[in-house]
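S.K.: show me the folded form of this:
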Amino acid sequence: MNDSLHQAARQLRQHIHQFVALSDEEWHGLEPHLSIIHLKKNQFMVTQGVVASQIGFVLEGIFRQFYTKEGEERTTYFFFDQQLIAAYMSCITARPSPVSIEALSDATCLVFPYPVLKALFSQYTGWQEFGRLFAEYVMVALEERMAGLLMLSPEERYLALLEGDQRHLLQRVPQHYIATYLGITPVSMSRIRNRIIPK
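M.R.: Okay, here's the model as predicted:
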């Protein structure tokens, strides 16, 4: 394992440690399957309609997850440095992905095959615990996202973004993508910003 891959692997292990402390034996079950990929801006990590089988860990860069229906794109999620990234539904079900994941900047990811992770869930209690805790984490985030779309007005959604943990989106992501993430048009978001942000 070269130095850059070793350093990236260490970052991933530290991230996983936030959920569970893996033993060296458990970690070594994944380590040989790690590799680094580089993506250019606007390159796709996952393509809608294609089966996804890879889990990534963002070392550097920004990604957006979106689906396209009748030619219209709807952004559902953003991924940043030090986050796990994947089309989880497609990985788990082995069905074509309903979403695409696109790099919004030049990006670098550490990647590994989902089937390897699935096998580790069966072999080691540490990995099994990680899988459970990470699934809970994803479920909470999904429920928060759905509640915001269903229960908050567009202005309330923008305020929640402005005041919450994801406010860095406003500095790092193009405004028209944020608008589709909030479920509004860019024109509507501009009007909301003009009302909220003092001149």
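S.K.: what's in contact with the least confident helix or strand in the chain by mean pLDDT?
M.R.: Least confident element among the helices and strands of the chain, by mean pLDDT, DSSP states H and E: helix 169-172 (a mean of 77). When contacts are defined by CB atoms under 8 Å, 6 or more residues apart in numbering, helix 169-172 is touched by residues 62, 78, 80, 161-162, 178, 181. C-beta: built from backbone N, CA, C; applies to glycine.
S.K.: I'd like the next helix or strand past it.
M.R.: Next along the chain after helix 169-172, taking DSSP states H and E as the criterion, comes helix 175-182.
S.K.: so what secondary structure elements neighbour that following helix?
M.R.: strand 63-69, strand 72-79, helix 154-163, helix 169-172, helix 186-196 (3 or more CB pairs under 8 Å, 6 or more residues apart in numbering; DSSP states H and E).
S.K.: the longest helix in this structure is where?
M.R.: Identified as the longest helix of the chain according to DSSP state H is helix 125-151.
S.K.: just the buried positions in that one, please.
M.R.: Going by neighbour count (16 or more other CB atoms under 10 Å), the buried part of helix 125-151 is 126-127, 129-131, 134, 148.
S.K.: domain-wise, how is this structure divided?
M.R.: 3-131, 152-198 (the TED database).
S.K.: which of these has the lowest mean pLDDT?
M.R.: Within these, confidence is poorest for domain 152-198, with a mean of 83 (mean pLDDT).
S.K.: ok, so of the buried residues of helix 125-151, who is nearest residue 2?
M.R.: The nearest member of the buried residues of helix 125-151 to residue 2, counting by CB to CB, is residue 127 at 24.9 Å.
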